[in-house]
Every structure is written in structure tokens, then in C-alpha cells.
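> any chance you could fold what I've pasted below:
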Amino acid sequence: MSDLVEYLASFFSNWWALVSAGAFFGIDEVAKRHWPALKERLDAIPETTRRSFEVIAIALAILYSGFASWQEVHSALKSSQGLLTKAEGQRDAWNKLIMEPGGLNDQIQLLKGQLAAANAVVAAKPKEVIRYIPSERGTSPPTTELRDPDMIYQLGEPVASVIVARVFRDKGIVTFEQIKTEGKLNLQQPFEYRDYVLRYMRFDAEGDVTIAGQRRVQWVNVICNIVGKRQ
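Numbering: from 1, shown residues only. Down below sits the predicted model:
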């Protein structure tokens, strides 16, 4: 029943065609009052022919009103189907981006693994404590110093982060796959990494950019000499 009500509401929203066709039934009176010449021509048309034209006009008006109602619904349906197809395409593209090999899902799992490994290294690394030698005045010992094992320090301050460091004690060198700094590390001066005092020798590549006024420098495949041990 509700479908019929909806159809009738849509049908009569296109009622102007019916009104236009129905006007044929009152055209005689209008022509008689305002256009006598037209009234004479209408009177010359046989009555049966006139009635046939009026019936055909009404039938065409009903047909058009039904078609217009169907067209409104059909257009709305096509629009909804187009939006649905677009949404399904976006969903499939997103799923492909996430699930394909090397996609976001694999990258997230890789990052989780790296984070877990880093946490394990930090948990296993003993706290580094500055050795205290009492002075004659008996001053109190300094506070405990905690250092990030993946940071480079210079003048007691963290100045750069490192990725994949390798220590070759027999050769007296330490290598880094990458060193990243915000312009704080001075390679011309000695710096500290974990228990070692290092001096820069060479690198394979350098990247230097400034973003929002902040300078960021990155060196790749860096080789440093071990010049001492941190006290």
C-alpha cells in the first residue's frame, strides 16, 4: 500500500501534463469569449474528431506523467549505484594497499618488530653511571647519567641519532649506516657513541635540507676512528 501511495505522490507531482490536456475540454468557452474567429474554426471540426483528439491528449498526458515519475526514481537509483560503485572501488583499492606484499600491513608489522627489538636492546642495556672519584673536600657524587645507546653525544649533549652501528675493535673503527642530526653534530670535533670517543673519517653520501626553518642533515655509510674511551 505504501508503494502505491509513493507512486501516486510522484505521479501527481507531474500533474501539469494532465492539466494541459484537460484544458482542451474548456477551450470552446475560452475561444467563444476572447477569440471568436478561433471558435468558428473549432466548430468546423466534427464532434467525433474533437473528442478523439481530447481522448488522445489525455492518454498521452497520463503516459507522460507515469514516465516522468519513473524517470525521477530511475535517475535517483542510477546516482546511488554510481556512488556505491565508487565507494566499492575505493574500498578495494584501500584493501589492496593494506594487504598486498610490502603494503601498509607488512610495513606496520615490520615497524612493530623493530620497536620490539629496540625495546629489548634498551631493557638489556645496563644503566651507564659516571664513575665518581671522591675529592679531598668530600663533595657528594654526581647524579646518575642515562644515555640513549642509539644517540651520538657531543659536549655531553645528544646531537644525532644513528641507524645500524658496527664496532670493529681490531681495526679501531666504528661504522654507521646512517647518522641523522638537526644540525647539532660537528663532524670536525670528537664525539661520543656509547663507550667510545670517535673522530669522523669519511661518508658515502650526504643529505642536507631545511624544513620550516629547521635544518636536517643525514650522512650515509659513515666511518669513524676510535680515538679513546669515554670516562
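> for the helix or strand that contains residue 227, list every residue counted as buried.
Taking DSSP states H and E as the criterion, residue 227 maps to strand 214-229. By neighbour count on 16 or more other C-beta atoms under 10 Å, the buried set for strand 214-229 is 217-219, 222-226. (C-beta placed from N, C-alpha, C; glycine too.)
> I'd like those as a markdown table, with pLDDT and distance to residue 155 appended.
A markdown table is the format used below for the buried residues of strand 214-229 (pLDDT from 0 to 100; distance: C-beta to C-beta, whole Å):
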| residue | pLDDT | distance to residue 155 |
| --- | --- | --- |
| 217 | 91 | 18 |
| 218 | 92 | 21 |
| 219 | 92 | 19 |
| 222 | 94 | 19 |
| 223 | 95 | 22 |
| 224 | 95 | 17 |
| 225 | 94 | 19 |
| 226 | 94 | 19 |
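> I'd assumed residue 172 was in contact with residue 197.
No: with contact defined as C-beta atoms under 8 Å, residue 197 does not count as touching residue 172 (11.8 Å).
> re earlier: looking at the buried residues of strand 214-229, which is nearest residue 96?
Nearest to residue 96 among these: residue 218, at 31.8 Å, using C-beta to C-beta.
> wait, what's in contact with the closest one?
Residues in contact with residue 218 (C-beta atoms under 8 Å, 6 or more residues apart in numbering) are 178-181, 206-208.
> now render those residues as CSV, adding neighbour count and secondary structure.
As requested, the contacts of residue 218 are exported to CSV (neighbours: other C-beta atoms under 10 Å; DSSP: H, G, I helix; E, B strand; the rest coil):
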residue, neighbour count, secondary structure
178, 18, strand
179, 26, strand
180, 16, strand
181, 20, strand
206, 11, strand
207, 11, strand
208, 10, strand
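> residue ranges in the chain under the pLDDT threshold?
Scanning the chain for pLDDT under 70 picks out 1-35, 38-40, 42-43, 50, 53-54, 58, 97-103, 122-145.
> quick one: the strands in it, in order.
Along the chain, the stretches classed as strands by DSSP state E are 151-154, 157-168, 173-181, 191-193, 196-202, 205-211, 214-229.
> for residue 51, which of those is the nearest?
Across these (criterion: C-beta to C-beta), the nearest stretch is strand 205-211, sitting at 84.6 Å.
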